[in-house]
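[1] need a structure here:
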Amino acid sequence: MERTFFALGAISAAVSVAAGAFGAHALKARLSPDLLAVFETGARYEMYHALGLVAAAWAAARFGGAAPAWAGWLFLAGTVLFSGSLYALALTGVRGLGAVTPFGGVAFIAGWLALAVSTLRR
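    Below you'll find the predicted structure:
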């Protein structure tokens, strides 16, 4: 699991950088300032949780147990739901896509809590 989460974290970080560059250069003239801010929020939170995936990989190697795996899968699900819905909302303008975003936020929070639990268990 460690290698999987480390690789997924690195890939997600690369996607986040690419999304940020795409937003700054290709979308700046095409999106309203509000939708551009939505897109940038998606990219920023994807980067935060790419680092969370790397931390989950480290915790899995260091502490073992199920909690780091839960953290990693929750970070991954959160990225798809939170950042993915924000990217889709910004690119399509379909406001209903924003209804998915809070579920991703909850997954992020649960992932960080699972990561904390992984360090406390022996």
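
[2] top helix in this structure by residue count?
    Criterion DSSP state H: the longest helix present in the chain is helix 33-63.

[3] tell me which strands and helices it is in contact with?
    helix 2-22, helix 67-78, helix 84-92, helix 101-120 (3 or more Cβ pairs under 8 Å, 6 or more residues apart in numbering; DSSP states H and E). (Glycine included, C-beta is placed from N, CA and C.)

[4] closest to L53 out of these?
    Closest approach to L53 among these is made by helix 2-22 (3.2 Å; Cβ to Cβ).

[5] buried residues in that closest one?
    Buried residues in helix 2-22, counting neighbours by 16 or more other Cβ atoms under 10 Å, are found at 2, 4-6, 8-9, 12-13, 15-16, 19-20.

[6] can you put the helices and strands packed on helix 33-63 in CSV and add mean pLDDT and distance to K28?
    Listed next are the helices and strands packed on helix 33-63 as CSV, based on pLDDT from 0 to 100; distance: least, Cβ to Cβ, whole Å:
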stretch, mean pLDDT, distance to K28
helix 2-22, 96, 10
helix 67-78, 97, 26
helix 84-92, 97, 12
helix 101-120, 97, 22
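
[7] Now tabulate these in TSV and tack on distance to A55.
    Output for those, formatted as TSV (distance: least, Cβ to Cβ, whole Å):
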stretch	distance to A55
helix 2-22	8
helix 67-78	8
helix 84-92	21
helix 101-120	6
